[in-house]
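S.K.: sequence plus the predicted model coming up.
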2 protein chains.
Amino acid sequence: MQKLTLVKVGGKVVENQDSLSSLLVHFSKIAGSKVLIHGGGRSATALAKQMGIETTMVEGRRITNKEMLKIVTMVYGGFVNKNIVAQLQALGIQALGLTGADLNYMEAIKRPVLNIDYGFVGDITKVNIELLCPLVEQNIVPVLAPLSHDGSGQILNTNADTIAAETAIAFSKHFQTELIYCFEMPGVLKDSNDKTSIIPNLTLNEFKKYQEQGIINAGMIPKLDNSFRALNKGVNNIRITNIEGLTSGGTTLKI
Amino acid sequence: MQKLTLVKVGGKVVENQDSLSSLLVHFSKIAGSKVLIHGGGRSATALAKQMGIETTMVEGRRITNKEMLKIVTMVYGGFVNKNIVAQLQALGIQALGLTGADLNYMEAIKRPVLNIDYGFVGDITKVNIELLCPLVEQNIVPVLAPLSHDGSGQILNTNADTIAAETAIAFSKHFQTELIYCFEMPGVLKDSNDKTSIIPNLTLNEFKKYQEQGIINAGMIPKLDNSFRALNKGVNNIRITNIEGLTSGGTTLKI
């Protein structure tokens, strides 16, 4: 099977022009077919503030009322996505920016209200990559914004780490897939104050053990949960690293 | 040659949810391959106001400084485009939202400063539809936002009427193209206060004559100039009409 590399980049990397430029140069050098998935939360919060709209986060998740949905649609689907696409084009990459509504590639339902009403937040129900596969095979590079849709005309704010994992799972039926979570740290660290304390390989059992011991940073846990799920569902390789580690290095997950 | 219908909708139609819904229903019923091109200026002006940023227009054109470019990228490429795409998907249309940076389909240069500095405004230099043709042939419907790029990473604000005309010209080499300018009036009117005074057919000579006589509304002139240019460059048919006239009616232009 042909190889496909999916890179998910977080807000801190993507929302600073210097680190974004560096990321895109490194990303453009990855050989073969590739997909970029981006966040943009900090820019959304900044725009909300400029518009006099309050941002409410619960357990790290954004409460997305109608006004906040407009903001994330503008910031993720417009500003962040289109600037990345234009900058990749400048690097000779045939980029195509997408939300889940485009080509109906990511269907979701509005998250049911249990204890917390997250508003217009999507829980992914179906990933349709049939139309994306031939594009990816032609070296067109999808740039995915963290937005899905409900099939009834409603855009939904959707976690970028989860979009990355679900997209990688869907592509793993057609490609040999590597998913790379690229963030500001060089890998999963044993000591968050020591950037050299990278765990080079991490199994699910070791992850559970480290988690019990409180060694792994709380912020890493959803990313790792997503990753082990994706590994179990057929993604061939998953790494967690920073920009410099895009081609090799960081933490490699093992089942 | 296969038929392709391109519909350009202006801000007044697209920025009101009722007229947008009606437009999309009518648009979805057009048989065969189609493309939608949209504006969004009123939403951009409204967002700018909410952000405390002043909008300056010169001869109907928006001065696009760095802040205004961010706004139009968010509004045209994000909010307006993605909501149209999601609503078309709900109507069973396989829509794909694009700016000129996506698939590098519309290259432009930043408008040179003569008497007026329009800022980040693009003058179109090249339309690349090679990657769009196979998509359109599969009944994927491109939804085009009025943004181009300069190939060096810069998004540029670009007039939607001109994008529609240039896109139609490019497609006319591969398809039998009809371009429809859809706005709030039922056609080109002899008397702007009388909606029944539609000119059913308009030749370039008649247009010039009406223009000299001051019969045609000043706001229509750039649209008609664009249209006659597109007709001369190979677009097969051009009509100017409102939502109800999408399938037939309005003013048909003749060389």
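M.R.: Received the coordinates, thanks.
S.K.: what segments of the stretch 51-200 of chain A are strands?
M.R.: A:57-58, A:61-62, A:94-98, A:106-110, A:122-127, A:140-144, A:147-149, A:155-157, A:176-182 (DSSP state E, counting those that start in this stretch).
S.K.: interface residues of the stretch 1-150 of chain A facing chain B?
M.R.: A:47, A:50-52, A:70, A:73-79, A:81-83, A:85-87, A:89-90, A:94-99, A:101-104, A:131, A:138, A:140, A:147, A:149 (C-beta under 8 Å from any C-beta of the partner chain). For glycine as for every other residue, the C-beta is placed from the backbone atoms N, C-alpha and C.
S.K.: between the two ends of stretch A:242-252, what distance do you get?
M.R.: 13 Å (C-alpha to C-alpha, to the nearest Å).
S.K.: quick check: buried residues in it?
M.R.: By 16 or more other C-beta atoms under 10 Å in any protein chain shown, the buried positions in stretch A:242-252 come out as A:242-243, A:245-246, A:250-252.
S.K.: just stretch A:185-192 next, same as before
M.R.: By 16+ other C-beta under 10 Å, the buried positions in stretch A:185-192 come out as A:185-189.
S.K.: same deal with stretch A:166-173?
M.R.: For stretch A:166-173, the neighbour count (16+ other C-beta under 10 Å) marks A:166-172 as buried.
S.K.: how many residues are close by the residue of chain A found nearest chain B?
M.R.: Chain B sits closest to residue A:78 of chain A, with a gap of 2.3 Å, by C-beta to the nearest C-beta. The local packing of residue A:78 (other C-beta atoms under 10 Å in any protein chain shown) involves 33 other residues.
S.K.: do residue A:72 as well
M.R.: Residue A:72: 30 neighbours (other C-beta under 10 Å).
S.K.: the one 4 residues further on too?
M.R.: A count of neighbours around residue A:76, defined by other C-beta under 10 Å, yields 28.
S.K.: was I right about it contacting residue B:78?
M.R.: Yes. With contact defined as C-beta atoms under 8 Å, residue A:76 reaches residue B:78; the gap is 7.4 Å.
S.K.: list the contacts of residue A:150.
M.R.: A:107-110, A:122, A:156 (C-beta atoms under 8 Å, 6 or more residues apart in numbering or on different chains).
S.K.: and after the least confident helix or strand in chain A by mean pLDDT, which helix or strand comes next?
M.R.: Least confident helix or strand of chain A, by mean pLDDT, DSSP states H and E, is helix A:11-14 with a mean of 84. Going down the chain from helix A:11-14, the next helix or strand is helix A:17-28, by DSSP states H and E.
S.K.: how about residue A:173: what's its closest non-neighbour residue?
M.R.: Leaving aside its sequence neighbours, residue A:173 sits nearest to residue A:234 (C-beta to C-beta, 6 or more residues apart in numbering or on different chains; 6.9 Å).
S.K.: can I get the contacts of residue A:150 in TSV with pLDDT?
M.R.: Shown next, in TSV, are these (pLDDT from 0 to 100):
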residue	pLDDT
A:107	98
A:108	98
A:109	98
A:110	98
A:122	97
A:156	98
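S.K.: same list, the residues you listed, but as a markdown table with neighbour count please.
M.R.: Putting these into a markdown table (neighbours: other C-beta atoms under 10 Å in any protein chain shown) gives the following:
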| residue | neighbour count |
| --- | --- |
| A:107 | 19 |
| A:108 | 26 |
| A:109 | 16 |
| A:110 | 17 |
| A:122 | 27 |
| A:156 | 30 |
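S.K.: partners of residue A:3 in the sheet?
M.R.: Beta-bridge partners for residue A:3, by DSSP bridges, are residue A:176.
S.K.: what of residue A:142?
M.R.: Under the criterion used (DSSP bridges), residue A:142 bridges to residue A:96.
S.K.: my guess is it contacts residue A:99, does it?
M.R.: No. Between residue A:142 and residue A:99 there is no contact under C-beta under 8 Å: 10.8 Å.
S.K.: who has more neighbours, the two?
M.R.: Using other C-beta under 10 Å as the criterion, residue A:142 and residue A:99 rank with residue A:99 on top: 29 against 23.
S.K.: can you tell me the closest non-neighbouring residue to the more buried one?
M.R.: Nearest to residue A:99 is residue A:147, by C-beta to C-beta, 6+ apart, at 4.1 Å.
S.K.: give me the distance between that neighbour and residue B:83.
M.R.: Noted for residue A:147: a distance of 11 Å to residue B:83, by C-beta to C-beta, to the nearest Å.
S.K.: those two: which has the busier surroundings?
M.R.: residue A:147 (30 against 22).
S.K.: report the contact partners of the more buried one.
M.R.: A:72-73, A:76-77, A:99-101, A:122, A:155-158, B:82.
S.K.: can we see that at 10 Å?
M.R.: Residue A:147 makes contacts with A:40, A:69, A:72-73, A:76-77, A:81, A:98-102, A:106, A:108, A:120, A:122, A:155-158, A:160, A:163, B:78, B:82, B:86, as judged by C-beta atoms under 10 Å, 6 or more residues apart in numbering or on different chains.
S.K.: same question for residue A:209.
M.R.: A:203, A:215-216.
S.K.: and if we set it to 7 Å?
M.R.: For residue A:209, the contact set (C-beta atoms under 7 Å, 6 or more residues apart in numbering or on different chains) is empty.
S.K.: give me phi/psi at it?
M.R.: In terms of degrees, to the nearest 10, the main-chain angles of residue A:209 are phi -60, psi -50.
S.K.: report the two of the buried residues of stretch A:242-252 separated the most.
M.R.: Maximum pairwise distance in the buried residues of stretch A:242-252, criterion C-beta to C-beta, is 17.1 Å, between A:243 and A:252.
S.K.: how much space between the residue of chain A most remote from its centre and residue B:50?
M.R.: For chain A, the residue at maximal distance from the C-alpha centroid (C-alpha atoms, centre = their mean) is residue A:52, at 27.7 Å. Residue A:52 is 8 Å from residue B:50, where distance means C-beta to C-beta.
S.K.: can you check residue A:246 too?
M.R.: Applying C-beta to C-beta to residue A:246 and residue B:50 gives a distance of 38 Å.
S.K.: can you name the residues that contact residue A:39?
M.R.: Contacts of residue A:39 by C-beta under 7 Å, 6+ apart are A:10-11, A:14, A:146, A:160.
S.K.: can you check residue A:247 too?
M.R.: residue A:30.
S.K.: just the pLDDT for it.
M.R.: According to the prediction, residue A:247 has pLDDT 90.
S.K.: looking at this, it is in a helix?
M.R.: No. The assignment for residue A:247 (DSSP: H, G, I helix; E, B strand; the rest coil) gives coil, which keeps it out of a helix.
S.K.: tell me how far it lies from residue A:23.
M.R.: 13 Å.
S.K.: just residue A:1 next, same as before
M.R.: 27 Å.
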